[in-house]
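*Asks:* Here is a sequence with its predicted model. Questions after.
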Protein chains: 2
Amino acid sequence: MAKIKDVAELAGVSVSTVSRVLCNGPVSDKVRKRVEAAMSKLDYRPNLAARRLRSQHTDTIGLIVSDIRNPFFTAVSRAVEDEAYRNGMRVILCNTDEDPEKEAMYLKLMREERVTGVILAPTRHSAAALDTEALGFPVVMIDRTPAQGDGDAVVLDNRRAAAQLVEHLLAAGYRDIGGLFGNTSSTGAERHAGFVAALNHAGLPSPARFVPPSVEAAEAAVTAWLAEPNRPRALLISNGIFLLGAVRAIKAAGLCLPHDLALAGFDNEVWTSLIDPGLTVIEQPVDEIGRSAMAMLLARLEDPARSHRHVVLQGKLVPRGSSAPLR
Amino acid sequence: MAKIKDVAELAGVSVSTVSRVLCNGPVSDKVRKRVEAAMSKLDYRPNLAARRLRSQHTDTIGLIVSDIRNPFFTAVSRAVEDEAYRNGMRVILCNTDEDPEKEAMYLKLMREERVTGVILAPTRHSAAALDTEALGFPVVMIDRTPAQGDGDAVVLDNRRAAAQLVEHLLAAGYRDIGGLFGNTSSTGAERHAGFVAALNHAGLPSPARFVPPSVEAAEAAVTAWLAEPNRPRALLISNGIFLLGAVRAIKAAGLCLPHDLALAGFDNEVWTSLIDPGLTVIEQPVDEIGRSAMAMLLARLEDPARSHRHVVLQGKLVPRGSSAPLR
DNA sequence: GACTGCATTGAAATCGATACCATTTTTTGT
DNA sequence: ACAAAAAATGGTATCGATTTCAATGCAGTC
């Protein structure tokens, strides 16, 4: 494949001049035309590895999520990628499957790539331990956070959102409300906190269960719970993946929504509006989360000294039939 | 960040020796230990840009799909990425939105990255024009193909799958069957061909409509079709995106599946089993498509001279209530 | 003790761009 | 028309690794 030297020779100029054409440096129109002609004749494309090595900036960001098949992360990724390419940056995508070891491995890889920055959905374990300063590049966390006020992050107001769901269920007349939460992310913990607070405030108990992040685990947990004699009258489910497991369990148990059991959860996935009755959910602003994360990363790169901040976005309650008023 | 020279100095050896430790070259155990100690003390990570430039191989593959939010591509991507990382390669993901210009732009980018190879879901337009030889790296196509026998590809047996759906509907007693297909990909054309062939074989007409690849377009087309006086008794829908639009249109029209209209389509997305009644679909072997594509790419890299081949995978009919027997 | 052979190690060239500095050419002002 | 300033261009070092080739050390053999 042609290199800059070939172009220079064909155009009868120095490599410096060709480089200037590439980077919009000061070049006379006449020479620029000659060089561009030579480039297209040779079908020349600059070698990004060489450029990165010399210029010391890679214009590449890492995007580390737990599983791209989770529609939440799919949507966020798409937004991040669009925004990145719009800013002339490339994206390297990695799936950790909530495995701290994989996460550490990919973070190492990011250092080797000398990425400009990383957008990360940390596992609960790593979030606490992660020394974002020592990494050598800025990190913006999404969806999960280590602790309030630490590092840059874009998150949902999880406490508020969970409380909103509880209040909605209470307003619909339900009292006996159970909650299912993830045990690997800070998100699960926060939603649980909001759930507990809202029920406590109403003077009600807040029975909760915690499961690992998989459809199967959620399905099994809900199946078991529903088989118990004093099962809850309504369920709050902490994310879209669990919601799928819950719906399967409810169908398998032959229960009818909301007659036998009310249901409300997180993530407005397409199917939640298609099943009968529709599922009441908190819709996350997925595009905005992706765009904000990218914007935040760019801002941090511009001013490495600026104080860390958390962007906290509000979810939107989408009421549907699964939580229709009691009686 | 530490570089190889720093490691060499700290360990008291030459850079060549450090490089050999990195690449598992011949180094005595004593020296290797010293070098590794120096590496971890300095928290050294090799610079991939430098390595790629010198070694002339990037161990990076490009994955170009129309939209990662399409669950089919999401699943395929995940399989490709797992397989790639397992083989020590990185993946650059790009979304074309079925736009040939974007596709051309990303293909250019792939050349600049000097990728080892590309896995591509081409738009119909590009598929014909694409000169995969001139690109400088091997290309494996997925989901869509330019023409039989040209280039490497992993595809579904689209004709057969569409015919299978038609036969299933015929066996269930439906005669008046319409089909909705995409107008931008070869996939739509092939499924249409299978649809026509199966209906012709039964001596029946094969009314078909073609739409651009979006939920909205499909919803509008189905809404319009269902409002016509001689609307079909059953619909075959060419992919999961359209299926979503079709279901929305059917719900909006207040029609009941399969009583008023039977429905069968492509892509076994989670929600197709959750809605009532379940949707009859062709399930694509998404993991296998991703893995095969990656395997094919690796095989091609190993032997650039081997003859081109198409891997044609069979879909699996998943019959559900939406195509329950008539009467 | 000299010699051969093998396993290690080091020195220097190289990958393909950009950056910096020096030089040449052109423009501007008087 | 000439000096000064500005613009355009060229030469060469450099980014951080791998690769190639040459040199060294050590063991075993006679």
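*Replies:* All right, it came through fine. Numbering: from 1, shown residues only, chains lettered A, B, ... in the order given.

*Asks:* pLDDT score assigned to A:S126?
*Replies:* On pLDDT, A:S126 comes in at 69.

*Asks:* Sorry, slip of the keys, the one I care about is A:A129.
*Replies:* Reported pLDDT for A:A129: 64.

*Asks:* Just give the number of residues close to A:D150.
*Replies:* 15 (other Cβ atoms under 10 Å in any protein chain shown). The C-beta positions use only the backbone N, C-alpha and C, and glycine is treated the same way.

*Asks:* what's the nearest residue to it if we skip its chain neighbours?
*Replies:* A:H308 (7.0 Å; Cβ to Cβ, 6 or more residues apart in numbering or on different chains).

*Asks:* Is that neighbour within a helix or a strand, and which one?
*Replies:* Under the criterion DSSP states H and E, no helix or strand holds A:H308.

*Asks:* Spell out which parts of the stretch 51-200 of chain A neighbour DNA strand C.
*Replies:* A:51, A:53-55 (Cβ under 7 Å from any atom of the strand).

*Asks:* Please indicate which of those are buried?
*Replies:* A:51, A:53 (16 or more other Cβ atoms under 10 Å in any protein chain shown).

*Asks:* from the residues of the stretch 51-200 of chain A next to DNA strand C, which is closest to A:H125?
*Replies:* A:L53 (34.6 Å; Cβ to Cβ).

*Asks:* Surely that closest one touches B:L53?
*Replies:* Yes - counting by Cβ atoms under 8 Å, A:L53 touches B:L53, with 5.5 Å between them.

*Asks:* Number of residues surrounding the nearest residue to A:N239 once chain neighbours are set aside?
*Replies:* In this structure, A:N239 finds its nearest non-sequential neighbour in A:F266, 4.9 Å apart by Cβ to Cβ, 6+ apart. When neighbours are counted by other Cβ under 10 Å, A:F266 registers 26.

*Asks:* list the buried ones in stretch A:293-301?
*Replies:* A:293-298, A:300.

*Asks:* so is A:A246 in a helix, a strand, or just coil?
*Replies:* helix (DSSP: H, G, I helix; E, B strand; the rest coil).

*Asks:* what's the neighbour count on it?
*Replies:* Count around A:A246 with other Cβ under 10 Å applied: 27.

*Asks:* Check it and give its pLDDT.
*Replies:* On the pLDDT scale, A:A246 gets 98.

*Asks:* And A:P146, by the same measure?
*Replies:* Confidence score, pLDDT, at A:P146: 74.

*Asks:* doesn't it fall inside a helix?
*Replies:* No - counting by three-state DSSP, A:P146 falls outside a helix, being coil.

*Asks:* any idea how far A:V139 is from it?
*Replies:* A:P146 is 10 Å from A:V139, where distance means Cβ to Cβ, to the nearest Å.

*Asks:* And for A:D267?
*Replies:* A:D267 is 24 Å from A:V139, by Cβ to Cβ.

*Asks:* And for A:E190?
*Replies:* The value you get for A:E190 to A:V139, if Cβ to Cβ is used, is 20 Å.

*Asks:* ditto for A:V318
*Replies:* 32 Å.

*Asks:* Up against DNA strand D, what does chain A have?
*Replies:* So chain A meets DNA strand D at A:12-17, A:20, A:25-28, A:30-32, A:50, A:53-54, A:56 (Cβ under 7 Å from any atom of the strand).

*Asks:* can you map out the helices along the stretch 151-300 of chain A?
*Replies:* Using DSSP state H, counting those that start in this stretch, the helices found in the stretch 151-300 of chain A span residues A:158-171, A:186-201, A:215-227, A:240-252, A:286-302.

*Asks:* The residue nearest to A:D150: how many residues sit nearby?
*Replies:* A:H308 has 14 nearby residues by other Cβ under 10 Å.

*Asks:* lowest-pLDDT helix or strand in chain A?
*Replies:* None of the helices or strands of chain A scores lower by mean pLDDT, DSSP states H and E than helix A:124-129, at a mean of 66.

*Asks:* same question for the helix or strand that it is followed by, mean pLDDT?
*Replies:* Next helix or strand after helix A:124-129 toward the C-terminus (DSSP H and E): strand A:139-142. Throughout strand A:139-142, pLDDT has a mean value of 94.

*Asks:* Would you mind writing the CA trace of strand A:139-142 as CSV?
*Replies:* Extracted as CSV, the C-alpha positions of strand A:139-142 are listed here (Å, rounded to 0.1, in the frame of the first residue of the first chain):
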residue,chain,number,x,y,z
VAL,A,139,-12.8,7.6,32.8
VAL,A,140,-16.5,8.4,32.7
MET,A,141,-18.7,5.9,34.4
ILE,A,142,-22.2,5.2,33.2
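
*Asks:* Show me what that strand packs onto, helices and strands only.
*Replies:* strand A:117-120, strand A:152-156, helix A:286-302 (3 or more Cβ pairs under 8 Å, 6 or more residues apart in numbering or on different chains; DSSP states H and E).

*Asks:* Swap in 10 Å and give it another go.
*Replies:* Strand A:139-142 sits against strand A:60-65, helix A:71-86, strand A:117-120, strand A:152-156, helix A:286-302, strand A:310-313, with contacts defined as 3 or more Cβ pairs under 10 Å, 6 or more residues apart in numbering or on different chains; DSSP states H and E.

*Asks:* does A:D67 sit in a helix, a strand or a coil?
*Replies:* Once three-state DSSP is applied, A:D67 turns out coil.

*Asks:* Can you list the low-confidence ranges for the stretch 201-327 of chain A?
*Replies:* The stretch 201-327 of chain A contains no residues with pLDDT under 70.

*Asks:* which residue does it bring closest to chain B?
*Replies:* A:W271 (3.0 Å; Cβ to the nearest Cβ).

*Asks:* Pull the number of nearby residues for the nearest residue in space to that residue that is not next to it in sequence.
*Replies:* Closest residue in space to A:W271, ignoring its immediate chain neighbours: B:W271 at 3.0 Å, by Cβ to Cβ, 6+ apart. Neighbours of B:W271 under the rule other Cβ under 10 Å: 23.

*Asks:* contacting residues around B:W271?
*Replies:* Taking Cβ atoms under 10 Å, 6 or more residues apart in numbering or on different chains as the contact definition, B:W271 lies against A:244, A:247, A:269-275, B:71, B:240, B:243-244, B:247, B:278-279.
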